[in-house]
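*Asks:* Take this sequence and fold it.
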Amino acid sequence: MKKILLAILSITAIVNADVTNIVVDKTFLSKPIKIIDIRTPAEWAQTGIIKGAYTITFFNEKGEVNTDAFLAKLRKVVKPNERFALICRTGNRTTMVSEYLSNEKDYNVINLKGGMMKLIQDGYKPVPYRALKS
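*Replies:* Alright, predicted model coming up:
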């Protein structure tokens, strides 16, 4: 299933590429744009998150996707036509997901290339991730 979705997302990205791609840096974080961190809870716990970022997993630890659940959570955070940014570990997942959201769901997405690893490498200090109690 993961391979099929990745193939579809990759083909979509090639055919309809219309996403803003920005190499992430600390100055971008000062902009008033919502950032959605699509990594897994284990990744958030390992490195921390960007202060103020929204944590909404796209691929789970097994690489599985529940697009309906992701989109339902995203709609609670992002208004129609609102510009927002996606971040993951290195930018690979956000490249695919941002293309999907832009081309298939008409979202106004910024793909933060380089991801959290680039930010941390550049000296950014993430805040600790605190999981919500169920």
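
*Asks:* For burial, what's the neighbour tally of Ile120?
*Replies:* 13 (other CB atoms under 10 Å). C-beta: built from backbone N, CA, C; applies to glycine.

*Asks:* Which residue comes closest to it once chain neighbours are left out?
*Replies:* Thr47 (6.4 Å; CB to CB, 6 or more residues apart in numbering).

*Asks:* repeat for Val109
*Replies:* Nearest to Val109 is Ser98, by CB to CB, 6+ apart, at 4.2 Å.

*Asks:* Determine the set of other helices and strands touching the host helix or strand of that neighbour.
*Replies:* In the assignment (DSSP states H and E), Ser98 maps to helix 92-105. Packing partners of helix 92-105 (3 or more CB pairs under 8 Å, 6 or more residues apart in numbering; DSSP states H and E): helix 2-15, strand 83-87, strand 108-113.

*Asks:* is it true that Ser102 touches Ile110?
*Replies:* No: with contact defined as CB atoms under 8 Å, Ser102 does not reach Ile110; the gap is 9.9 Å.

*Asks:* which residues are common contacts for these two?
*Replies:* In terms of CB atoms under 8 Å, 6 or more residues apart in numbering, Ser102 and Ile110 are both contacted by the residues Val19.

*Asks:* any low-confidence regions in the chain?
*Replies:* Within the chain, the set of residues satisfying pLDDT under 70 comprises 1-17, 132-134.

*Asks:* Taking the centroid of it, which residue is nearest it?
*Replies:* Nearest residue to the geometric centre of the chain (CA atoms, centre = their mean): Leu86, 3.1 Å.

*Asks:* contacting residues around the closest residue to Leu101 other than its chain neighbours?
*Replies:* Among residues not flanking Leu101 along the chain, Tyr107 sits closest, at 4.1 Å (CB to CB, 6+ apart). Tyr107 is in contact with Leu74, Val78, Phe84, Leu101, counting by CB under 8 Å, 6+ apart.
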